[in-house]
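Asker: next comes the sequence, and after it the predicted model I'd like to discuss.
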Amino acid sequence: MSANTTANATDERTRLEALWERDAVKIFVAFAAIYLVYAAIGLALGYSLDGIVNTLRRMTYLIAVYGMVTLALNLHWGYTGLFNIGVAGFMAIGLYVTMMLAKPVDPTGAAQYPGLGLPMPIAIAGGVVAAGLAGLVVAIPALRLRADYFAITTIAFAEIVRLGLTSGMAQQFSVFGAELGTGGGRGLTRNYGDPMNVIFELEAFSSFVDLTNALFGFGPTQARALAYSIVLVLVLIGFYWLIQRTSRSPFGRVLKAIREDEEAAQSLGKNTNRFKIKVFVLGCALMGLAGILWRFRRTGVTPTAFRPHVTFYIWIALIIGGAGSNTGSVLGSGLFVAVLFEGPRYVRRLIEEVVTVGDAPNTFAGAVGPLLSANPAPFLRYTFEEFLTLQFVLMGVALVLLMHRRPDGLLGHREETAAAIPLADRPVAETGAGPRPGGTDSDRGGDSQ
Amino acid sequence: MSTVDEAVNRGRNLSSEQFLLLVVGIGAVALLGDLILGLASGTYSISRVARYVTEGILYGLIIGLAGIGLSMTYSILNFANFAHGDYVTTGAFFGWGVTYLVAGWGVASVGPLVLVAPQREVSGAQLDVAITATPIAVLAGLLVAGVATALFVLLIDRLAFKPVRGSGGIPLLITSVGVAFALRYVLVFVYSSSTRGTTASVPSVDFLLVDGYVSIGAHDATLIVAAVALMLGVHFLLQRTKLGKAMRAMSDNRDLALVTGIPTERVIRWTWMIGGGLAGTAGYLMVLWTGTIDWQFGWLLLLLIFAAVILGGIGSIYGAIFGGLVIGVGMHMSMIWLPGGDFTTITAFLLMILVLLIRPSGLFGGKTTA
Amino acid sequence: MSDTTTEQSDSLTNERPDRPTDDVELAVDGLVKRFGGITAVDDATFEVESGSMTGLIGPNGAGKSTTFNCITGIYEPDAGTVTFQGADITGIRPYQCAEHGLVRTFQIAREMANMTVLENLMLPAKRQRGEALWRSVLPVTRREVVREERELLERVWDTLEFFEIQHLAAEKAGTLSGGQRKLLELARALMTDPEMLLLDEPFAGVNPTLEKKLLEHVHELREEGYTFLIVEHDMDLIMENCERVIVMHQGSVLAEGAPEAITSNERVIEAYLGGEV
C-alpha cells in the first residue's frame, strides 16, 4: 500500500471524525441506524409498507415525547444537580389541568365531568403554567435539602398528585363558582374535539393525507397520527434549542457552578437559590408541556398513566445519554425507546412471526419442573408468554449495569461549554498583548457568529 | 449593641423552619382540640377513634420493623435504598411459600404451594392457614422469611451494590432504583401478578369501649408479639454485642471506624443481613395481618417506610420504630377528618415532607443510637 | 463594567477606592459563634485597615476559619457585628457579602472541577445581564448577551495573563495542581471586582516556587489598593509579609499589632508554646 493512500485514508478518517463531532450528525446517524434496523426487520418479515411506517411513526412519537421530558430533566439534574424523581407528577399536572380547562362546561353522559370550556391554546398554556407553579411550590421550601432528601420529597409530591387525582374527593369540585373535576380513579374522557384540529382542518392538510395515502397507503387516521408525530418532533427541536440556549449562557454557567459547588458559587456573589428556583420551575413547566403533548389526543386519561414508572423511564433515558449533555438526552431517549421500550415488543412480534411458540405453562412451577428432566421448552414458552414482565426486569438490570459500567452514559463525559460564545481561543482584541495560548481542545459551544 | 436592635435582628432572621413549625404547631393543636371536643360531645365515636389508633399501631409496627433495616443501611452505607420495599415483598413470598408448603403438604402439589398458589389453585382459607390452626406453618414461614431474605439481600449487595459502593450516595441510590424495578418484576415472573388471600379467619377478642367495640384478632396479637420481640432483639444486639458497637461506630464515622480497625466489610454484611431479615419478616407479618399478598405491596409501602425513617431520624432504630408508629397512627387518625381512606397515604407523605422541611435530621436527630 | 477592556494595563480594574490607608475597611466587634456547647468564636473584636495586608494567625482550633465563615455569611454569628466599609453586614448571605465587595477563598481550594479554567473565571463577574434567563434565550437580547460575553472573556484573559496561567485556559479546573488551584481561586475572587479579599490559608500545599509567585501577585494587588486579610499557619510568612497581625486564641483575639510587637508578645508565645508543643 502506498503512503499516499494511507495519508488519504487518515485524511478521510479525520474528516469523518470531525463530522461526527457535530451533534446534529450524531443524532441523525444514530436515528437513521435505529430506523433502518426496524425497517429492515419489518421488510424481511414481509410487513406491509404502511405497517412498517406506522411502527416507525409510533417510535418517533415516543422518542419525541420522552426526549422532551429527558431534556427537561437534564436541565434539573444534568446541569443544576437537582435530583428530581417526581417527573410524572409534573407531567400529570400539565395534562390534567389542560383537560379540565378544555372540557366543555356542560357534561354529557354519566361518566363526564364539567370543565371550563376554554379554547385549546389557552388550556395548554394553563397546564404549562400549573406545572410550573407546582414546581415553585415544591422548590421554594425543598431546595435547601440534601440531594437524597430532595429526591424523596419530589417522589412523594408526585405520589401525592397521583393519589389526589385518584381520590374521590376531587372527582368534582367548584372553584369560584365554576364546576370542575378530575374524575377520580375513572379519569377524564376527552369529550371535545381533537386538539390537533387546528392543523387537521387546514386546507393544506388534505393534500398531506393524499400524499401519505399515495406513499404509504395511509388512511386519514394514520395520516393524522403521522402529522401529530411530526409536530412533536418539531416541538422536541424547540425544546432542544431552548435548553441549549439556556445552558450556553451566563445563566447556564451559574447552574453548572451550583452543581459543582453551590457554597463556592454563593461566595462568588451568586444568589443560587434564585437560580435553582427559576430552573426548577422552567423544567417543571416543560415537563408539564411534554405531559400534555404526550396524551392530549387520547380519548381519555386515568391517574395510572402517571405511576412512578414514567419517571423511571426518563431517568434511564437520561443516564443512557449521559447527564449533562442535551444531545445525549435526545440520543438516550432514542436508544431507550428503540432498545428497551419498543425493542422487546418488536422482537416478540418477530418471534411469533417466525416460530409457533405453542401453549405455555401458566405458572413458573410448570415452567421450571420440566427443566429438571432437561426439557427446556416449557420454560422458554413461559418466558415468551411473560415477555412484557421480563422487559421491566431488563430495564432495571440495564439501569444497574449502566451505573456499574458507564455512569457517565454515552456523552456525559463531554462537558458542554457554559458560555454564550465559543471559548476555544482568545478572541482577537485590539491590544493583542500577551502570548496566544494554545486553545487546542475542541471545546466548541455557544453561538458562533 | 442595644437589645432592641438585637430583637429586630432576630425577628428578621426568623427562619422559614420556625415559621413552618409554628404553622404546624397551631394546626396540630387545633386538630387535637377538635378531637377532644368531638370525643367529649359525641361527634366522634370513641370506639371508632380507638379502632383507628389500634389499626394505626399495628400498621406502624410493620412500617417501623421494616424501617429499622432501611435506617441502618441508610446510615452505615450512606444511601437511600429504594429497593428496600421490594425486599419486604420478597420476604413475604419466601415465607408464605414455606407456610403454604407446610400447611398444604399432601393437599396440593409442591410447585403451586411454594409459589403461594400463583393461579389461586388453593387459598389460605382452604388450607386453613392461621396462627391458631397451623402455628407451625406460620412460625416456619416467619423464620424462613427472615433468614432467606437476609441471604438474598446479601446476594443482591454482591451483585448490584458492592461494585459501586465507592462512588457515593447518589449513584448507589440510582442503582437501587434499578434493583427495585428488576426485583419487582422478577417477583411477577416467578409468583405471577395475581392478588390472593392467604389466611383463614381467626378468633378475636372484642373490648367494649363506651360506644362500641374494638376487636383484637389472633393475627393482630401475633403481629404485636413478633414485632416487639424482634425490635427488642435488635436493641440488645446493638447495645450488648461487639458487632452492635462496631455498627454504631461505623454509622457515626465510617473513616474513623476504618482507621480504628473495625472490620467494615463484616459490619456491612451484617447490616444488610439484619436489615434484610427484618424487612422480610415485616413483609411476612404484613401478609399475615392483612390476609392478602400481591407483587407490589412492599413497593407501595416503601415511601411510608422512608417517611418513618426520616421522621425518626436516619440512623436511629428507635427513631424508625417511633416514626413508624407516628406514620401508622397518623394515617389512620386522618380518617377522622378525611373519611374514605383516600387520604391516608397522602397524609403520611405530607407528614414526611413537613419533617424534612422543619427538621431534616428527624425527631431523634443524629446518628448516635445506631 | 463594559469598558474595562478598552485600556490595557497592569491594573485589573479601572476603579480602586482612593481612601487614606488609616481608614477601617472591616470591623469585627464582639463576634460570638457557638456550636452546641462549644464556643468556637468567643467575643472576637478586631479591625482591618483599608489597603493593608493583615495576617490572622493562631493555633489550631483558635476559631480563625469560623471567624471567616461568620464574616462572609456562611455561618450566622450568635452575637456581635461585622461592619464592612461602614455598612453593617452582620448575618448577611454569602452572595450579598460578595456583592458588597468582600470576597473569600477557601482553605481547600473549591474550584468548579468540571468546568474549564475559563468558565471558572467567567462565572464570578458581577451584573452579568445574561444571568437573567429570558435575556439569554430571546434572540434580540441574546445578541447583547453575546457581546457582553466577548468583553468578559477579554477581561478573563487579562486576568489569566496577570497570573501567568494562560496555558491552562482550556483545562478542566479539576485537573490542575494544588498550587494552580489556589492561583485560580485568587483569580476567580478577583473577577468579582472586590474591595477586600479574605484568603483562608492561600499558601497551604503550594510549592515554594509557586508560593513566591502567589505572594508577588498578592503584593502587587495590595499596591493597587486591595485590602487583604490572610489566615495562615506559616508564622514566618505572615511576619515577613503583613504589616499588621491579629492573633486568635480559643476564640478570641489575644493580640493585635505590628509583626515585631507580636513576636515579642509574652501571651502569644505562651499560647503557641503552651497550645501546640
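Answerer: Yep, it's here.
Asker: the chain: strands as residue ranges?
Answerer: You didn't say which chain, so I picked chain A. Along chain A, counting by DSSP state E, strands occupy A:173-175, A:178-180, A:188-189, A:300-301.
Asker: actually it's chain C I care about, not the one you picked
Answerer: C:24-35, C:38-49, C:53-57, C:79-84, C:87-88, C:102-104, C:196-200, C:227-231, C:244-249, C:252-257.
Asker: looking at those, which is buried most?
Answerer: Sort those by mean neighbour count, taking mean count of other Cβ atoms under 10 Å in any protein chain shown, and strand C:102-104 sits at the top with a mean of 28. No exception for glycine: its C-beta is placed from N, CA and C like everyone else's.
Asker: how many residues are close by residue A:386?
Answerer: 20 (other Cβ atoms under 10 Å in any protein chain shown).
Asker: not counting sequence-adjacent ones, nearest residue to it?
Answerer: residue B:189 (5.4 Å; Cβ to Cβ, 6 or more residues apart in numbering or on different chains).
Asker: how about the strands of chain C, which one is nearest chain B?
Answerer: strand C:79-84 (6.5 Å; Cβ to the nearest Cβ).
Asker: quick one: distance of that closest one to the chain centre.
Answerer: In terms of Cα atoms, centre = their mean, to the nearest Å, the centre of strand C:79-84 is set 18 Å apart from its chain centre.
Asker: can you list the strands of chain A in TSV and add distance to chain C?
Answerer: Below are the strands of chain A laid out as TSV (distance: least, Cβ to the nearest Cβ, whole Å):
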stretch	distance to chain C
strand A:173-175	30
strand A:178-180	32
strand A:188-189	33
strand A:300-301	31
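Asker: who are the contact partners of residue 171?
Answerer: By default, I'm working from chain A. Remark: with contacts taken as Cβ atoms under 8 Å, 6 or more residues apart in numbering or on different chains, residue A:171 is in contact with A:113, A:181, A:182, A:183, A:184.
Asker: sorry, I should have been clearer: chain C.
Answerer: Residue C:171 makes contact with C:116, C:117, according to Cβ under 8 Å, 6+ apart.
Asker: so chain C: which segments form each domain?
Answerer: According to automatic domain parsing, chain C comprises the domains C:24-111+C:179-276, C:113-175.
Asker: would you turn those into TSV with distance to residue A:83 and mean pLDDT?
Answerer: Shown next, in TSV, are these (distance: least, Cβ to Cβ, whole Å; pLDDT from 0 to 100):
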stretch	distance to residue A:83	mean pLDDT
domain C:24-111+C:179-276	21	89
domain C:113-175	17	92
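Asker: can you say which of the ones you listed is nearest to residue B:294?
Answerer: Among those, the nearest to residue B:294 by Cβ to Cβ is domain C:113-175 (44.3 Å).
Asker: helices along the stretch 201-350 of chain B, start to end?
Answerer: B:218-240, B:242-252, B:254-259, B:264-290, B:297-312, B:317-337, B:344-358 (DSSP state H, counting those that start in this stretch).
Asker: distance of the residue nearest in space to the middle of chain A from residue A:228?
Answerer: Among the residues of chain A, residue A:66 comes closest to the average C-alpha position under Cα atoms, centre = their mean, at 1.7 Å. Residue A:66 sits 15 Å away from residue A:228, going by Cβ to Cβ, to the nearest Å.
Asker: pretty sure the residue nearest to residue A:386 contacts residue A:391?
Answerer: No - with contact defined as Cβ atoms under 8 Å, residue B:189 does not count as touching residue A:391 (10.7 Å).
Asker: need the contact list for residue A:346.
Answerer: By Cβ under 8 Å, 6+ apart, the contact set of residue A:346 is A:38, A:41, A:55.
Asker: redo that, cut-off 7 Å
Answerer: Taking Cβ atoms under 7 Å, 6 or more residues apart in numbering or on different chains, we find residue A:346 in contact with residue A:38.
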